[in-house]
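**Student:** please find the sequence and the predicted model below.
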Amino acid sequence: MQLVINTYGSYLRKKGNCFLVRKDDKVFEVSVNKVDSILITTAAYISTDAIKFAVDNNIDIVFLDSYGDPYGRVWHPKLGSTTLIRRRQLEMYDKAEGLNLAKKWGIQKFDNQIELLKRLKKARAEKKDELEASIKEIGQLKERMKGLKGTIEERRQTMLGIEGMASKKYFEALSLIMPEKFKFKGRSRNPATDEFNAMLNYGYGVLYSMVEKACIIAGLDPYIGFLHTDNYNKKSLVFDIIEMFRAFVDEPVVHLFSKRKVKEEYFDKIQHGLSLNKEGKAVLIEALNETFEKTIKYKGRNIKTKNVVQFECHRIANKLLKQTF
């Protein structure tokens, strides 16, 4: 589970084999064996013994800003694996194999979008035709992606254009099934201009921290990406790999809205948009934790959803190690 500190002035410390969270007269304890990561989303206090306890148990402490984007992380300083993996990332970039790897991630994203829309269509007969049309168009764009040849440098803009068209069609379809007062006009990032995107952005921030951690554990360099460019201090590979897993956030967010579990009071108005507040974050984190703890079928075996991210990063690392140039 993810231990989330989202109450202003909370205090986190170690107590025996547990983390203890205190705020005034309220106390909460959780065993270290149940914690995968600690998310701190507000001004809080944390003791050095709690930090060491987390580091010793391979638990990362992630600091999120008001939009849900990670701005800092405390973790052990060890490399996840051999530096050969990092060399392979650089070597593969300008080869056809690099394009094929990036295509695989994009195609997986399209498959996830299609599968989610198919599941949503089953319970919404009145929206069947519109959803089927969106599924068909995303499928056609997926085939265009499959057919690309060459290198990343030669095909980057084409790939980004295909992804952009698919994303537009996908989010138009999701807006169709929203309750009337929560319909939205496409993606809006930081700040979000509507409730759906405010919740989605925060969820993606949580997912981003999971993907970054999985990359490091697998020995992948988060800064050496393929499709996303290597700007200064930009973890390009994390932006590449997260595409395969966005549906892990999309689906619980859609269900929160479609099941009428989202209230307008969960959002605060900020300059040029909306921000998810403490109450909204608590509802979202609970839904995400439920999703991440669910068991799903992966490569012929049953594993928890949260572990799929780590398994995929290890598969990428192993593929890189087997490449010879």
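**Tutor:** Received, thanks. Numbers count the residues shown, from 1 in each chain.
**Student:** where does pLDDT dip in the chain?
**Tutor:** Filtered on pLDDT under 70, the chain yields the residue ranges 77-82, 230-233, 324-325.
**Student:** next, the buried residues of the helix ranked longest in it.
**Tutor:** Residue-count comparison of every helix in the chain, with assignments taken from DSSP state H, identifies helix 96-122 as the longest. By neighbour count, and taking 16 or more other CB atoms under 10 Å as the criterion, the buried residues in helix 96-122 are 97-99, 101-103, 105-110, 112-114, 116-117, 120-121. All C-beta spots, glycine's among them, are computed from the backbone N, C-alpha and C.
**Student:** quick one: buried residues of the following helix or strand past it?
**Tutor:** In the C-terminal direction, the helix or strand that comes right after helix 96-122 (DSSP states H and E) is helix 128-146. By neighbour count with 16+ other CB under 10 Å, helix 128-146 contains the buried residues Glu130, Leu131, Ser134, Ile135, Glu137, Ile138, Leu141, Lys142, Met145.
**Student:** which residues touch the fifth one?
**Tutor:** Read that as Glu137. Residues in contact with Glu137, defined by CB atoms under 8 Å, 6 or more residues apart in numbering, are Ala166, Lys169.
**Student:** and if you look at the last one?
**Tutor:** Each residue near Met145 by CB under 8 Å, 6+ apart is listed here: Lys103, Gly106, Ile107, Phe110, Met159, Ile162, Glu163.
**Student:** kindly report the same for the first one.
**Tutor:** By CB under 8 Å, 6+ apart, the residues touching Glu130 are Ala173, Leu176.
**Student:** quick one: residues contacting the closest residue in space to Ala44 that isn't next to it in sequence.
**Tutor:** Spatial nearest neighbour of Ala44, chain neighbours left out: Ser10 (4.5 Å); criterion: CB to CB, 6 or more residues apart in numbering. In this structure, Ser10 makes contact with Val21, Arg22, Lys23, Thr42, Ala44, Tyr45, judged by CB under 8 Å, 6+ apart.
**Student:** ok, now Asn6?
**Tutor:** Residues touching Asn6, when contacts are defined by CB under 8 Å, 6+ apart, comprise Leu39, Thr41, Thr42, Lys278, Lys281, Ala282, Ile285.
**Student:** state the distance from it to Val211.
**Tutor:** Shown here: Asn6 relative to Val211, a distance of 21 Å by CB to CB, to the nearest Å.
**Student:** could you do Ile38 as well?
**Tutor:** As for Ile38, its distance to Val211 is 17 Å (criterion: CB to CB).
**Student:** of those two, which one has the most company?
**Tutor:** When neighbours are counted by other CB atoms under 10 Å, Val211 comes out ahead of the other of Ile38 and Val211, with 26 against 23.
**Student:** that one is in contact with Ile241, isn't it?
**Tutor:** Yes: contact between Val211 and Ile241 holds when scored by CB atoms under 8 Å: they sit 5.4 Å apart.
**Student:** sorry, back to before: now the contacts of Asn6 in CSV, with distance to Val74, secondary structure and neighbour count?
**Tutor:** Below are the contacts of Asn6 laid out as CSV (distance: CB to CB, whole Å; DSSP: H, G, I helix; E, B strand; the rest coil; neighbours: other CB atoms under 10 Å):
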residue, distance to Val74, secondary structure, neighbour count
Leu39, 12, strand, 21
Thr41, 15, coil, 24
Thr42, 16, coil, 16
Lys278, 22, helix, 13
Lys281, 20, helix, 24
Ala282, 23, helix, 16
Ile285, 19, helix, 20
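**Student:** just send the residues you listed back as JSON lines, with distance to Ala198 too.
**Tutor:** As requested, the contacts of Asn6 are exported to JSON lines (distance: CB to CB, whole Å):
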{"residue": "Leu39", "distance to Ala198": "17"}
{"residue": "Thr41", "distance to Ala198": "14"}
{"residue": "Thr42", "distance to Ala198": "16"}
{"residue": "Lys278", "distance to Ala198": "13"}
{"residue": "Lys281", "distance to Ala198": "10"}
{"residue": "Ala282", "distance to Ala198": "14"}
{"residue": "Ile285", "distance to Ala198": "14"}
